[in-house]
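Participant: How does the following fold in three dimensions:
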Amino acid sequence: MLWQANLEKTRNQERPFPVSQSAASASPHRPIAFPVLGAISFCHFLNDTMQSLLPAIYPILKGGFALSFGQIGLLTLMYQATASLLQPLVGLYSDRGPKPWSLPCGMGFTLLGLLTLAYAPSYGLLLCGAALLGTGSSIFHPESSRIARHASGDAHGLAQSLFQVGGNFGTAMGPLLAAFFILPHGRHSLAWFALLALGGMALLTLLGRWYHNNSQPRQAGHRAGADAARLPRGQVVRALAILIALVFSKYFYLASITSYYTFYLIHHFHLSIRAAQADLFIFLAAAAAGTILGGPIGDRIGRKAVIWTSILGVLPFTLVLPYVGLSATIGLSIVIGAILSSAFSAIVVYAQELMPGRIGLVSGLFFGLSFGMGGLGAAVLGTLADHTSIEFVYRLCSVLPAIGLLAAFLPHARRPAQS
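Facilitator: Model (predicted):
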């Protein structure tokens with residue numbers, strides 16, 4: 001049909017790298033495996049729900065252990081440093097062949113991290129619990145992202161968005177669970193969420209079996225696609241450097257929200273902890289909703305346009321946010337969350353197309369960067385807040401989306417004519 005022909009033409013033009021005839025013949029059109037995408041997205045929801053409980057209980061930990069903002073930032077850094085440093089290594093290892101057993105293994109580390117945080121008697125053990133959570137995340141994301149791409153058919157952006165939105169909704173659940181379950185029942189109630197981890201491990205075991213049974217026929221096509229002609233190495237390196245700078249901009253700004261938004265609302269507008277947690281949920285829910293748009297829009301109009309619009313387009317709203325009242329702050333947070341979150345799916349798929357045959361490495365690198373930049377941002381911004389004020393931190397972070405101007409230098413995603 002005409003609309004299908006136009007969609008295929010758009011996809012062919014937007015691919016940044018030429019595909020050889022052998023690769024095309026080795027990779028026939030495959031339908032989207034929506035049940036698998038739904039299952040892996042649900043597992044991402046479970047994983048990130050449990051991971052998000054750490055920043056969500058920061059107000060509880062701050063009061064219970066008399067922590068400074070710097071110590072709060074160090075907790076985030078410990079969690080996100082283990083996630084960011086290990087994820088590319090896990091991804092590189094998984095590129096050598098399917099590692100379905102790693103999925104329930106990663107969830108097991110998350111389970112141990114929750115139990116440690118629930119019963120830690122000292123700040124040092126809190127750091128250990130944060131490190132266990134980060135390790136679980138580092139093992140989970142590369143291989144689960146590979147399953148999402150494997151089940152995507154030709155709609156890689158859509159699949160990445162569906163996978164991501166599960167994680168984003170999971171992240172959004174953390175503040176609500178902290179406000180309405182953990183806060184009334186105490187820190188030890190974290191242990192109940194180990195049941196979620198056990199359920200996730202069972203489902204991931206089934207998904208791992210599906211992936212193992214369905215991955216072998218694609219190996220020839222995978223190798224053929226990886227051997228196709230690509231952009232020059234220098235251009236690929238420059239594009240990756242720009243994407244990394246954009247991830248820095250996005251996640252340093254997000255660190256000011258996820259780690260310190262509740263403190264900002266409590267200090268600046270004198271809200272209660274429960275009300276501030278509910279407002280954080282509103283921001284995170286908006287971010288989750290925005291995530292679902294970035295991938296499919298990128299499939300249609302190109303990844304670069306989505307990346308450019310998402311990062312730079314949020315700048316006017318971030319510049320205004322530190323200077324408005326409570327209602328406007330909440331409204332702007334919804335707009336910022338929805339726009340800014342649409343970039344990551346497009347960035348990941350764009351990078352996967354830059355480095356064919358390295359799905360695990362690319363997924364691990366960019367998921368790891370998102371954690372690492374967030375952790376570094378939390379530590380730096382927490383220390384800065386201790387020496388200045390939380391309001392100064394928000395004024396400073398408001399200019400970070402201007403780094404989105406670098407998206408103009410990304411290679412145009414256009415497929416050359418085939419000989």
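Participant: Count the neighbours of residue 185 for me.
Facilitator: 11 (other Cβ atoms under 10 Å). Every C-beta, even on glycine, is put in place using the N, C-alpha and C of the backbone.
Participant: All the helices of the stretch 301-419 of the chain, in order from the start?
Facilitator: 303-313, 315-320, 326-341, 343-354, 359-387, 390-397 (DSSP state H, counting those that start in this stretch).
Participant: Tell me which helix or strand residue 239 sits in.
Facilitator: Assigned by DSSP states H and E, residue 239 belongs to helix 233-258.
Participant: Please work out the angle formed by the directions of that helix and helix 359-387.
Facilitator: 40 degrees (axes from the mean of the first three to the mean of the last three Cα atoms, to 10 degrees).
Participant: separation between the residue lying closest to residue 111 once chain neighbours are set aside and residue 145?
Facilitator: Distances taken as Cβ to Cβ, 6 or more residues apart in numbering place residue 197 nearest to residue 111, at 3.7 Å, with adjacent residues excluded. Distance, residue 197 to residue 145, using Cβ to Cβ, to the nearest Å: 19 Å.
Participant: swap in residue 385?
Facilitator: Distance from residue 385 to residue 145, by Cβ to Cβ: 33 Å.
Participant: quick one, which of those two is more surrounded?
Facilitator: Counted by other Cβ under 10 Å, residue 385 and residue 145 do not tie: residue 145 has more neighbours, with 28 against 25.
Participant: any idea of the angle the helix or strand hosting that one forms with helix 359-387?
Facilitator: In the assignment (DSSP H and E), residue 145 maps to helix 123-150. For helix 123-150 against helix 359-387, the angle between stretch directions is 140 degrees (the same axes, to 10 degrees).
Participant: now helix 123-150, how far from the centre of its chain.
Facilitator: Relative to its chain's centre, helix 123-150 lies at 12 Å (Cα atoms, centre = their mean, to the nearest Å).
Participant: cool, and stretch 368-384?
Facilitator: Centre to centre, stretch against its chain (Cα atoms, centre = their mean), the figure for stretch 368-384 is 14 Å.
Participant: count of neighbours near the residue nearest to residue 111?
Facilitator: Neighbours of residue 197 (other Cβ under 10 Å): 23.
Participant: correct me, but it touches residue 46?
Facilitator: Yes: with contacts counted by Cβ atoms under 8 Å, residue 197 reaches residue 46, the gap being 7.5 Å.
Participant: hey, what's in contact with both of the two?
Facilitator: residue 107 (Cβ atoms under 8 Å, 6 or more residues apart in numbering).
Participant: then stretch 110-124 to PDB, C-alphas only?
Facilitator: What follows is stretch 110-124, C-alpha atoms only, in PDB (Å, rounded to 0.1, in the frame of the first residue of the first chain):
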ATOM      1  CA  THR A 110      18.800  -6.000  43.300                       C
ATOM      2  CA  LEU A 111      17.000  -8.200  45.800                       C
ATOM      3  CA  LEU A 112      20.200  -8.300  48.000                       C
ATOM      4  CA  GLY A 113      20.500  -4.500  47.700                       C
ATOM      5  CA  LEU A 114      17.000  -3.900  49.000                       C
ATOM      6  CA  LEU A 115      17.500  -6.200  52.000                       C
ATOM      7  CA  THR A 116      20.700  -4.500  52.800                       C
ATOM      8  CA  LEU A 117      19.100  -1.000  52.700                       C
ATOM      9  CA  ALA A 118      16.200  -2.200  54.800                       C
ATOM     10  CA  TYR A 119      18.300  -3.500  57.700                       C
ATOM     11  CA  ALA A 120      21.600  -1.500  57.400                       C
ATOM     12  CA  PRO A 121      22.600  -0.200  60.800                       C
ATOM     13  CA  SER A 122      25.200   2.200  59.500                       C
ATOM     14  CA  TYR A 123      26.000   4.600  56.700                       C
ATOM     15  CA  GLY A 124      28.700   2.300  55.400                       C
END
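Participant: Identify all contacting residues around it.
Facilitator: 47, 50-51, 53-54, 57, 65, 67, 71, 125-126, 128-137, 140, 187-191, 193-194, 197-198, 201.
Participant: chain center to it: distance?
Facilitator: Here stretch 110-124 is found 23 Å from its chain centre; the criterion is Cα atoms, centre = their mean.
Participant: tell me which residues of that stretch are tucked away?
Facilitator: 110-118, 120 (16 or more other Cβ atoms under 10 Å).
Participant: Which single one of the residues you listed is nearest to residue 314?
Facilitator: residue 110 (30.5 Å; Cβ to Cβ).
Participant: which SS class is the closest one?
Facilitator: Using DSSP: H, G, I helix; E, B strand; the rest coil, the structure places residue 110 in helix.
Participant: Grab the nearest non-local neighbour of it.
Facilitator: residue 136 (3.4 Å).
Participant: Now for the one you found, how many residues are close by?
Facilitator: 26.
Participant: now swap in residue 134 and tell me
Facilitator: 31.
Participant: One more: residue 190?
Facilitator: 27.
Participant: And it, how far from residue 126?
Facilitator: 11 Å.
Participant: pretty sure the residue nearest to residue 110 is touching residue 106, no?
Facilitator: Yes: the criterion here is Cβ under 8 Å, and residue 136 meets it with residue 106 at 4.9 Å.
Participant: Sounds good, over and out.
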